[in-house]
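Novice: With the input below, show me the fold.
(one chain, ligands or ions: 1)
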Amino acid sequence: MSSTIITSPESGLLATLCQQLAEQAGQLDQTGDWPRRQLELCASYGVFRWFLPAAWGGLAWSDLDVIRGYLKLSQACLTTTFVITQLTGASRRIAASGNEELQQRLLPALAAGEQFATVGISHLTTSRRHLSRPVLRAEPIDGGYRLDGFSPWVTGARHADQVVTGATLDDGRQLLAVLPTDLPGVSADEPAPLLGLTASCTGPFQMDNVSVPEALVLAGPEENVMATGVGARSGGLQTSTLAIGHAAASIEFLHTESQRRDELQPVWSELDRERSGLEHDLLALATGETVCSNEALRQRANSLVVRAAQAALAAAKGTGYASGHSAGRWCRESLFFLVWSCPQPVMQANLCELAGITD
Ligand SMILES: Cc1cc2nc3c(=O)[nH]c(=O)nc-3n(C[C@H](O)[C@H](O)[C@H](O)COP(=O)(O)OP(=O)(O)OC[C@H]3O[C@@H](n4cnc5c(N)ncnc54)[C@H](O)[C@@H]3O)c2cc1C
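Specialist: All right, here's what the predicted structure looks like:
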């Protein structure tokens with residue numbers, strides 16, 4: 001194994017990688033360019049191997065270690081870390097599929113970072129759920145399915161070799177399939193600039209009467225296909241992990257400032273106490289201890305990440321409001337957690353907090 005492979009979240013190499021990612025995070029935000037260099041760096045440190053079994057070139061990290069790794073990465077660069085979660089979601093869905101031919105062909109290259117895959121599944125979980133007609137439909141044809149419609153949010157679709165997506169049949173059953181991006185009828189729209197994470201190059205992914213052979217189906221057709229398998233779920237711990245990691249960046253900034261400004265001492269220490277309580281509950285949940293529900297953790301993580309970023313901005317004053325300052329970027333990025341893969345009860349709880357409604 002190469003000497004630069006990160007084999008545990010305690011590794012000094014992870015700290016070295018994070019330092020490099022943090023140094024580049026501001027520029028990534030300013031240019032909005034796809035984080036190619038950052039992903040190459042992560043590949044060279046073996047980050048994409050954390051999430052996969054050894055059979056496919058992975059390091060098979062435990063859920064706990066993956067969470068510890070993500071906490072550090074998201075403190076350094078949210079955009080790169082978020083992109084990795086989408087790659088992980090796709091890789092894990094392929095790994096869980098039981099489709100050995102696809103696993104052999106795709107997973108070793110994804111683990112090595114030689115190929116990139118992403119997910120377009122939010123229309124089955126948290127996007128366009130109020131519409132009467134599914135935005136991506138599947139119809140059985142000889143030897144497979146015809147997919148027609150679009151997936152509204154697909155991170156890095158234009159840079160991907162494969163997109164894992166889900167479609168709904170007329171009878172309501174759903175299937176998951178992995179689509180090579182050179183399949184006829186498949187295309188990725190130009191990604192629109194976003195409030196933050198523009199460099200994630202997220203946009204709609206179109207499927208215009210695409211013939212998908214059975215060999216590319218990962219799961220289904222069945223009721224609620226997202227409830228089976230692992231990875232790429234909404235309501236899991238991953239979103240909370242990234243929120244807590246991101247909050248740590250703002251809180252660390254407050255800590256540094258508080259060394260020479262006494263009035264900031266109680267602010268950083270209270271926020272850090274809250275962060276450490278959340279981290280404790282997150283790690284407990286990852287080991288199967290039911291200290292709270294996943295939704296309650298997510299709601300608290302969303303609340304902390306937004307408040308911590310705004311506290312960093314207030315402490316940075318007008319200087320922090322100037323374009324290019326990290327505090328302004330953290331504020332914009334923190335708002336992502338209010339909309340990313342947010343289950344309805346979490347969104348409702350966040351809205352009540354914003355409205356000052358207490359029970
Ligand atoms: C930067 C970014 C990257 C993302 N990357 C990915 C990715 O790689 N893969 C992936 O699968 N997903 C991804 N997502 C999707 C994300 O997880 C959520 O699913 C998405 O943010 C939900 O927002 P929506 O506007 O699509 O929600 P919708 O619920 O579709 O809301 C759209 C609009 O419809 C209206 N509306 C909402 N609910 C109702 C209602 N009940 N009745 C009437 N009108 C209503 C509102 O005006 C709303 O603005 C990404 C999102 C973002 C912002």
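
Novice: Model confidence for residue 40, exactly?
Specialist: Confidence per residue is given as pLDDT, and for residue 40 that number is 98.

Novice: What about it, how many residues nearby?
Specialist: Residues contacting residue 40 under the criterion other Cβ atoms under 10 Å number 11. Bear in mind the C-beta positions are built from the backbone N, C-alpha and C, glycine included.

Novice: ditto for residue 193
Specialist: Other residues within reach of residue 193 by the criterion other Cβ under 10 Å amount to 6.

Novice: do residue 104 as well
Specialist: 11.

Novice: next one: the one 5 residues further on
Specialist: Counted with other Cβ under 10 Å, the burial measure for residue 109 works out to 17 neighbours.

Novice: State the three-state secondary structure for it.
Specialist: Using DSSP: H, G, I helix; E, B strand; the rest coil as the criterion, the local structure at residue 109 reads helix.

Novice: list the contacts for it?
Specialist: Counting by Cβ atoms under 8 Å, 6 or more residues apart in numbering, residue 109 makes contact with residue 115.

Novice: Next: residue 160.
Specialist: For residue 160, the contacting residues are 116, 117, 118, 154, 181, 188, taking Cβ under 8 Å, 6+ apart as the criterion.

Novice: how close does the nearest residue to residue 180 once chain neighbours are set aside sit to residue 286?
Specialist: Closest residue in space to residue 180, ignoring its immediate chain neighbours: residue 162 at 5.6 Å, by Cβ to Cβ, 6 or more residues apart in numbering. Relative to residue 286, residue 162 is positioned 28 Å away (Cβ to Cβ, to the nearest Å).

Novice: can you check residue 257 too?
Specialist: Between residue 257 and residue 286 the distance, using Cβ to Cβ, works out to 32 Å.

Novice: just to revisit the earlier point, mind putting the contacts of residue 160 in JSON lines, distance to the ligand included?
Specialist: Conversion of these to JSON lines gives the following (distance: Cβ to the nearest ligand atom, whole Å):
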{"residue": "116", "distance to the ligand": "12"}
{"residue": "117", "distance to the ligand": "11"}
{"residue": "118", "distance to the ligand": "6"}
{"residue": "154", "distance to the ligand": "5"}
{"residue": "181", "distance to the ligand": "14"}
{"residue": "188", "distance to the ligand": "11"}
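
Novice: ok, of the residues you listed, which come out buried?
Specialist: By the neighbour-count criterion of 16 or more other Cβ atoms under 10 Å, those include these buried positions: 116, 117, 118, 154, 181, 188.

Novice: any idea whether the nearest residue to residue 303 once chain neighbours are set aside is helix, strand or coil?
Specialist: Leaving aside its chain neighbours, residue 303 sits nearest to residue 353 (6.0 Å; criterion: Cβ to Cβ, 6+ apart). Applying three-state DSSP to residue 353 yields a three-state assignment of helix.

Novice: neighbours of residue 353, just the number please.
Specialist: If we define neighbours as other Cβ under 10 Å, then residue 353 has 16 of them.

Novice: Settle this for me: it is touching residue 306, isn't it.
Specialist: No. Because the distance of 9.4 Å does not satisfy Cβ atoms under 8 Å, residue 353 is recorded as not touching residue 306.

Novice: packing partners for the longest helix seen in the chain?
Specialist: Secondary structure of the chain per DSSP state H: the longest helix is helix 294-321. In terms of contacts (3 or more Cβ pairs under 8 Å, 6 or more residues apart in numbering; DSSP states H and E), helix 294-321 is packed against helix 238-258, helix 265-286, helix 326-334, helix 344-355.

Novice: Briefly note if that helix comes near the ligand.
Specialist: No. Under the criterion of Cβ under 6 Å from any ligand atom, helix 294-321 makes no contact with the ligand; the nearest approach is 12.5 Å.

Novice: avg pLDDT for that helix?
Specialist: 97.

Novice: cool, stretch 266-275 as well?
Specialist: Model confidence over stretch 266-275 averages 98 on the pLDDT scale.

Novice: who touches it?
Specialist: Contacts of stretch 266-275 from elsewhere in the structure, counted by Cβ under 8 Å, 6+ apart, are 244, 247-248, 250-251, 254-255, 257-258, 304, 307-308, 311, 315.

Novice: Redo the helices and strands packed on helix 294-321 as JSON lines? Include distance to the ligand.
Specialist: Listed next are these as JSON lines, based on distance: least, Cβ to the nearest ligand atom, whole Å:
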{"stretch": "helix 238-258", "distance to the ligand": "9"}
{"stretch": "helix 265-286", "distance to the ligand": "20"}
{"stretch": "helix 326-334", "distance to the ligand": "10"}
{"stretch": "helix 344-355", "distance to the ligand": "9"}
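
Novice: For residue 52, which residues are in contact?
Specialist: The contact partners of residue 52, taken as Cβ under 8 Å, 6+ apart, are 58, 59, 60, 91, 92, 95, 107, 110, 111.

Novice: rewinding a little: what's the neighbour count on the residue nearest to residue 180?
Specialist: The number of residues packed near residue 162 is 25, by other Cβ under 10 Å.

Novice: was I right about it contacting residue 117?
Specialist: Yes. Under the criterion of Cβ under 8 Å, residue 162 makes contact with residue 117 at 4.2 Å.
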